[in-house]
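Colleague: need a structure here:
(2 chains)
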Amino acid sequence: MSGKPPDPIRRGLYLHLPFCRRKCRYCGFFTLPAREQDFAPFVEALLREIEAKASRYPEPLDTVFIGGGTPSTLPVPHWRRLLQALQGHFRFREPVEWTVEMNPESVTPDLLALFRDFGIRRISLGVQSAHDEELEILGRIHDRATAERAISWIHAHGFENVNLDLIFGIPGQSLESWIRSLEWAVQQGPTHLSTYHLTIEKGSVFEQWFQQGRLTLPDAQTVEAMYRVREEVLGAHGYQRYEISNFAKPGYECRHNRIYWEHQEYLGLGPSAASFLYISDISARRWRNVQDLPRYLQNPCFTEEDESLGISELITERIFLGIRLREGIPFRRAWIPEAVQPFVTWEKGRVRLNQDGVLVADRIAVELVSALEERGAIHAETLRFLGRRTPDPGA
Amino acid sequence: MKIRNFSIIAHIDHGKSTLADRFLELTGTLRPEDMAEQVLDSMDLERERGITIKMHPVRMHYRYQGEDYILNLIDTPGHVDFTYEVSRSLAACEGAILLVDATQGVEAQTIANLYLALEQDLTIIPVINKIDLPNADVDRVRQQILDLLGEEEIFEISAKEGWGVQELLEAIIEKVPPPKGDPKQPFKALIFDAVYDEYRGAIPFIRVFDGSVRPGDRILFKSSGKVFEVVEVGVFRPHRVPVEVLQAGEVGYLAAQVKEIRDAAVGDTIVSAQAPETPALPGYREPKPMVFSGVYPVVPSEYPLLQKALDKLKLNDAALTYVGEHSPALGAGFRVGFLGLLHMEITRERLRREFGLEVIMTTPNVEYKVVLEDGTTKIVDSPKDFPTHYEKAFEPFVLVQIITPAEYIGPIVELCQSRRGVQRTFHYLDPNTVLFEYELPLQEVIFDFYDKLKTVSRGYASMDYEFLEFRESDLVRVDILVARERVDSLAFVVHKDQAYRLGRWVVDRLQKLIPRQLFEVVIQAAIGKKVIAKSRIPPIRKDVTAKCYGGDVTRKRKLLERQKEGKKRLKKIGKVELPQEAFLALLTREHKS
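Modeller: Numbering: from 1, shown residues only, chains lettered A, B, ... in the order given. All right, here's what the predicted structure looks like:
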């Protein structure tokens, strides 16, 4: 047995803190209203889960990502217990990348100081737009000034590794407005930028509005231009696109998120968090924690979706996740379907998306998987072949 | 014994099988306990649909005024596809019952067969059936028959209730002349039907005109010149019962180890091998397919099974012809020639029932005769083979008879004219019913004409047609190109005047049916190099998930798997992919606007 891919396998921990002071209109995640009385029982349950999972899955962690929800709504004392528990129960493989997601309105010097004390070096801040009207439409509770203040505090507390989240394709947004948001974000001096095209998520307010015909989204051509202009603006400032929606300065790619796209292992804690662990080099398990607070409090180890993945599922995932990355995936040149060729480049045994390909990445993935299937190549050898990776950029 | 040979001419559902059953009962041919309803319907396909394509012949015995009679009932297939077989069956008889439903009146198909009977100089006995029904309109139907035949004596019966059936049977004895023919002359018989028996080969059903035939005789088939030795002769009771001899005037069968059904062709004459110069009876014709369609197994891997099934069907269906062909969307299949649309439908049903095969049949087309520039004549039965340049082209024309309530004349005339029809005759059968005839290209008739006729007449009009001749037409082949590739199976032949309209229609349909691809797809209709219609399908602009993290992977994978599965069902035209259902909708061209 050649061992689990890749060699050595990396493992990330994702911890979901679901509380939000207000749910954004585009959000389809599992979130809960931030009510003071829920914090303590929730953290209790979480601590139980940490303890249980740490003993069940003792392998060392390479990254930790605490997301939400709005993790920064959780008060400092709860945070302290949480971080103590994590660091006390899990083992880590240095250098560990710790990231915490924050929203501008809940960034406080106290919280930042605490994070520093616990060795957290990376902050991901959901700023979304530089325009107050757009923030209002999105249902955000911060404005641009709040975001700028939060960033200055973050920097003042010595965090140099900062990501800013931005959204484009907002109702009423123009290409110019998007470019101004990008330029504003660059001026804030982040090391990393996530730029997400607005997706109409199931269960979101926008979905309702969309169905009622109340949502005027930018047209397809504008969205296409918004996708393309990112590279121009951010490239000029030294940011490189390393995944469909993510840009970073050299050396600052998010190692935790790379774990997803590289098909590495992750353990999810907290309600609705997903976990993915290999059983062997050709099989894996993915499950999701329960998405319901009372049930989570009752037993934080309840799962909702639990599936075994075999060769075929793993190959499909490896292709559609891997093709999102700048370096693409190992693929035989002769097997690239004709229709796909204008959207990819092939070099040193790997196929990767070009600028045009980024816009049709999912379709390309379908074509590539189908091409393997047509050639009868859905087998363990192909899976292993696809598992060949470039070295961990942060390791 | 004295013999009467007769037939029943009736439209579907007018009660032919029920009447035949009553005759069997009345003559004691079957004991009541052996009677299943409508005994003579042979294929279960027919019984299930309640339509009789063709009944078995039957020999009945009846004593009338102290004399014993043999009554041979020879049926005629009740459909336009089998006009030739009808004419041969009628040629074996001296009389025919014209059976008309008192609630329906005369229908087009009945008239077509009546004309055939009159051509053969048969004695016609007109009968109005179903007079027991509350909505029977005997006076109106009487008027229609009078108008057609000028015959005053019309029998009124209810075959279901048995009313008037005995009188009718006796009228057959009185009115239908006995068969002529000389038992001293050399043997001469007409084949009016044949079946294929797995053990005994082809069994011709015959009417003996002169002489006699018995086991051990050597016989000669006039059309092929082949000689066989008779193993058995027999009559229909209604099951085959061997007899010692069949004599002039009699109806029966013979077995002579005839290997192939085409050696026992309907209409052929059998004579004694000792007198090979005995002239053949007039009217023999080789079965000729008129309608052609691509036949493909729904499951592509069943192609070898389809081949075997067609080989077997051919053994007892002399009219079936087929050659292999290939379609990009449907894979390997056959181009099959049929007598007409019903024959096509029967073949589909037989493939299903007897061989468990589901097949796709493409839009039927007719056969064309094309005189090329070098003077040679080419027969084309597949549109893709129709030449771009030619001297003259000919297409089959048919004479269509339509009977309709007068109120629908307008839309029907409009329909016929839109299909290049020319009116030949027009007259009232009764004050509310019109019979008229149109000359139409067969291609127009087989292309949803019947459905349209039923639609514009709310189901009241009936039609029938007979082949007239090949006529010169200004025909063109329209090619369909998808992403600049010619799609053979979508090519069609039309009159030049309709090429633009139909080309545009197909191109528009394809534009709606072909999903967006990663590249722009151009669809064109062209005559030779000249593009007559064109559309574009713009490429997919965007298909990408913006956010894809741990919690999104399973859902995303399932979505891609569904897309991938959907893609598997897509058929390829060059590099363009489209759903098979879409392609089929076009190949079977179900709805033409």
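Colleague: All the helices of the stretch 101-250 of chain A, in order from the start?
Modeller: Listed in chain order, the helices of the stretch 101-250 of chain A (DSSP state H, counting those that start in this stretch) span A:109-117, A:132-138, A:144-156, A:175-187, A:205-211, A:220-236.
Colleague: for these, which one sits closest to residue B:195?
Modeller: The closest of the helices of the stretch 101-250 of chain A to residue B:195 is helix A:205-211. By C-beta to C-beta, the value is 64.6 Å. For every residue, glycine as well, the C-beta is placed using N, CA and C.
Colleague: avg pLDDT for that closest one?
Modeller: Across helix A:205-211, the average pLDDT comes to 95.
Colleague: what do you get for stretch B:182-199?
Modeller: 90.
Colleague: Centre of the chain to it, how far?
Modeller: 24 Å (C-alpha atoms, centre = their mean, to the nearest Å).
Colleague: For it, measure first residue to last.
Modeller: End-to-end span of stretch B:182-199 (C-alpha to C-alpha, to the nearest Å): 33 Å.
Colleague: ditto for stretch B:415-431
Modeller: Span of stretch B:415-431 from end to end, C-alpha to C-alpha: 23 Å.
Colleague: Repeat that for stretch B:125-142.
Modeller: First residue to last in stretch B:125-142 (C-alpha to C-alpha) measures 13 Å.
Colleague: Show me the contact partners of that stretch.
Modeller: Stretch B:125-142 is contacted by residues B:10, B:14-15, B:19, B:95-103, B:105-106, B:145, B:149, B:151, B:153-161, B:163, B:168, B:171-172, B:175-176, B:430, B:432-433 when judged by C-beta atoms under 8 Å, 6 or more residues apart in numbering or on different chains.
Colleague: Take the helices of the stretch 101-250 of chain A and lay them out in a markdown table including mean neighbour count and distance to residue B:405.
Modeller: A markdown table is the format used below for these (neighbours: other C-beta atoms under 10 Å in any protein chain shown; distance: least, C-beta to C-beta, whole Å):
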| stretch | mean neighbour count | distance to residue B:405 |
| --- | --- | --- |
| helix A:109-117 | 16 | 88 |
| helix A:132-138 | 17 | 66 |
| helix A:144-156 | 18 | 79 |
| helix A:175-187 | 19 | 67 |
| helix A:205-211 | 16 | 51 |
| helix A:220-236 | 16 | 55 |
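Colleague: So which of the contacts of stretch B:125-142 sit within strands?
Modeller: Members of the contacts of stretch B:125-142 lying in strands (criterion: DSSP state E): B:10, B:95-101, B:155-156, B:430, B:433.
Colleague: quick check, nearest of the residues you listed to residue B:204?
Modeller: For the ones in strands among the contacts of stretch B:125-142, the nearest to residue B:204 is residue B:96 (21.9 Å; C-beta to C-beta).
Colleague: Pop out the phi and psi values for residue B:509.
Modeller: phi -60, psi -50 (degrees, to the nearest 10).
Colleague: The closest residue to it other than its chain neighbours: what's it in contact with?
Modeller: Sequence neighbours aside, residue B:586 is the residue nearest to residue B:509 in space, at 5.9 Å (criterion: C-beta to C-beta, 6 or more residues apart in numbering or on different chains). By C-beta under 8 Å, 6+ apart, the contact set of residue B:586 is B:490, B:506, B:509-510, B:513.
Colleague: can you tell me which of those residues are in strands?
Modeller: Among the contacts of residue B:586, no member lies in strands (by DSSP E).
Colleague: Show me the chain divided up by domain.
Modeller: Looking at chain A here, since you left the chain open. A:11-260, A:322-395 (automatic domain parsing).
Colleague: please go with chain B instead
Modeller: B:2-175, B:188-272, B:291-361, B:369-472, B:476-587.
Colleague: Mind putting the domains of chain A into TSV with distance to residue B:477?
Modeller: Listed next are the domains of chain A as TSV, based on distance: least, C-beta to C-beta, whole Å:
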stretch	distance to residue B:477
domain A:11-260	39
domain A:322-395	29
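Colleague: closest to residue B:407 out of these?
Modeller: That would be, of these and by C-beta to C-beta, domain A:11-260, which comes in at 47.1 Å.
Colleague: Mind checking if that closest one is in reach of chain B?
Modeller: Yes: residues of domain A:11-260 contacting chain B under C-beta under 8 Å from any C-beta of the partner chain: A:14, A:196-199, A:220-221, A:223-224, A:227, A:244-245, A:257, A:260.
Colleague: tell me, what residue is most central in chain A?
Modeller: When chain A is reduced to its mean C-alpha position, the closest residue under C-alpha atoms, centre = their mean turns out to be residue A:257, at 5.2 Å.
Colleague: Next SSE downstream of the host helix or strand of residue A:40?
Modeller: With secondary structure defined by DSSP states H and E, residue A:40 is part of helix A:36-56. Counting by DSSP H and E, the next helix or strand C-terminal to helix A:36-56 is strand A:61-68.
Colleague: in whatever helix or strand comes next after that following strand, what counts as buried?
Modeller: For strand A:61-68, the succeeding helix or strand toward the C-terminus, using DSSP H and E, is helix A:76-89. Neighbour counts using 16 or more other C-beta atoms under 10 Å in any protein chain shown place A:78-79, A:82-83, A:85-86 of helix A:76-89 among the buried residues.
Colleague: Can you lay out the residues you listed as a markdown table showing distance to residue A:68 and pLDDT?
Modeller: Output for the buried residues of helix A:76-89, formatted as a markdown table (distance: C-beta to C-beta, whole Å; pLDDT from 0 to 100):
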| residue | distance to residue A:68 | pLDDT |
| --- | --- | --- |
| A:78 | 13 | 97 |
| A:79 | 13 | 97 |
| A:82 | 13 | 97 |
| A:83 | 15 | 98 |
| A:85 | 18 | 97 |
| A:86 | 16 | 97 |
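Colleague: ok so, going back, helix/strand/coil for the residue nearest to the centre of chain A?
Modeller: Secondary structure state of residue A:257, per DSSP: H, G, I helix; E, B strand; the rest coil, is helix.
Colleague: hang on, isn't it packed against residue B:549?
Modeller: Yes: using C-beta atoms under 8 Å, residue A:257 is in contact with residue B:549, at 6.7 Å.
Colleague: ok so, going back, check the residues of domain A:11-260 next to chain B and tell me the two furthest apart.
Modeller: A:14 and A:221 (36.0 Å).
Colleague: Give the burial count for the nearest residue to residue A:105 once chain neighbours are set aside, as a bare number.
Modeller: Excluding its sequence neighbours, the residue lying closest to residue A:105 (C-beta to C-beta, 6+ apart) is residue A:142, at 4.3 Å. Using other C-beta atoms under 10 Å in any protein chain shown, residue A:142 has 20 other residues around it.
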